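Asker: Pasting the sequence and the predicted model now:
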Amino acid sequence: MALPETTTDARRALFAGLIDHAPTFPPASLSLAEGLAEHLRVRESATGWLVNRFVCPSSKVAQLDREPLRLSIVLDDGRLPAEDPRIEALEAAELDPEVLVDAASEVYWEVPLRGDFSFRILQLGELGIRAKVRCGGATLPRIPALAEFVQGCRRLQVPFKATAGLHHPVRAGDEHGFLNLLAAAVFGDEEEALAEEDPSVFGASPDAFSWRHRSASPEEISRARSELFVSFGTCSAQEPIDGLEGLGFLPG
């Protein structure tokens with residue numbers, strides 16, 4: 001991922017490479033050409049450092065020609081893509097995790113938050129595969145289940161990414177916020193962090209990320225980003241960036 005190994009600015013430790021851009025997926029549902037144009041526009045902007053990989057369905061990889069991209073491939077046709085040096089990550093939901101071992105530098109398997117799912121996280125850890133959690137759509141998880149997922153990944157040392165529903169920094173109504181998920185990863189107190197709806201109790205400065213009475217240094221943030229909450233996928237990279245700019249959390 002595009003996260004600096006060391007940084008003295010907490011905002012960059014917190015947000016660098018946080019967004020995996022998936023513009024061809026709903027609800028944006030752009031064509032591949034439109035999605036690529038939007039991805040390049042955002043990547044080349046002043047806030048392009050927040051954007052990590054271009055997320056593409058495996059069924060469309062052949063249409064990418066030789067565009068110089070960093071790719072995360074979502075397996076939507078049940079087949080592993082042909083070897084391609086641009087592919088840095090694979091994401092899957094239905095395939096047996098065991099067939100995905102060593103399929104890419106990073107492999108993410110979507111964990112359904114139903115019943116006792118901790119055994120799935122344990123299995124992924126044993127296989128060296130990362131976890132993926134869906135935070136929106138028809139399977140919107142409740143706070144206790146999402147908190148249990150984060151706790152399980154922390155306890156079993158399994159990094160994870162999130163997808164769907166994280167359009168805004170802070171929770172509003174039933175919609176989860178990506179700042180909430182960052183706070184859960186950095187500070188613990190997962191249920192309380194995920195339930196927070198007051199934007200004013202979050203802070204991001206060059207020195208620290210804060211939430212209520214808690215504070216984390218750039219080093220602590222970098223550790224949580226690399227070892228736990230790696231990134232989140234969204235069909236709009238601009239929307240979460242606009243949300244952070246509205247809070248005044250990005251460097252000027």
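Answerer: Noted; the coordinates are in hand. Residues are numbered from 1 along each chain as shown.

Asker: pull the CA atoms of the top helix by length along the chain into PDB?
Answerer: Using DSSP state H, we find that the single longest helix of the chain is helix 143-156. Only the C-alpha atoms of helix 143-156 are listed here, as PDB (Å, rounded to 0.1, in the frame of the first residue of the first chain):
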ATOM      1  CA  ILE A 143     -22.100  -1.800  15.700                       C
ATOM      2  CA  PRO A 144     -21.600  -4.800  18.000                       C
ATOM      3  CA  ALA A 145     -20.800  -7.100  15.000                       C
ATOM      4  CA  LEU A 146     -18.400  -4.700  13.400                       C
ATOM      5  CA  ALA A 147     -16.700  -4.000  16.800                       C
ATOM      6  CA  GLU A 148     -16.300  -7.800  17.300                       C
ATOM      7  CA  PHE A 149     -14.700  -8.000  13.800                       C
ATOM      8  CA  VAL A 150     -12.200  -5.300  14.600                       C
ATOM      9  CA  GLN A 151     -11.500  -6.900  18.000                       C
ATOM     10  CA  GLY A 152     -11.000 -10.300  16.400                       C
ATOM     11  CA  CYS A 153      -8.600  -8.900  13.800                       C
ATOM     12  CA  ARG A 154      -6.600  -7.200  16.500                       C
ATOM     13  CA  ARG A 155      -6.400 -10.200  18.700                       C
ATOM     14  CA  LEU A 156      -5.500 -12.600  15.900                       C
END
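
Asker: Just the buried residues of that helix, please?
Answerer: 143, 146, 147, 148, 149, 150, 151, 152, 153, 154 (16 or more other CB atoms under 10 Å). Backbone N, C-alpha and C define where each C-beta goes, glycine included.

Asker: Who are the contact partners of the nearest residue to the second one once chain neighbours are set aside?
Answerer: To tie it back to what came earlier, the one meant is residue 146. Leaving aside its chain neighbours, residue 146 sits nearest to residue 194 (5.8 Å; criterion: CB to CB, 6 or more residues apart in numbering). By CB atoms under 8 Å, 6 or more residues apart in numbering, residue 194 lies in contact with 143, 146, 147, 150, 171, 176, 180, 181, 184.

Asker: go again using 6 Å as the cut-off
Answerer: 143, 146, 147, 180, 184 (CB atoms under 6 Å, 6 or more residues apart in numbering).

Asker: Name the nearest of these relative to residue 111.
Answerer: residue 146 (10.8 Å; CB to CB).

Asker: Against residue 181, how distant is that closest one?
Answerer: 8 Å (CB to CB, to the nearest Å).

Asker: re earlier: nearest to residue 76 among the contacts of residue 194?
Answerer: Nearest to residue 76 among the contacts of residue 194, with distances taken as CB to CB, is residue 146, at 24.2 Å.
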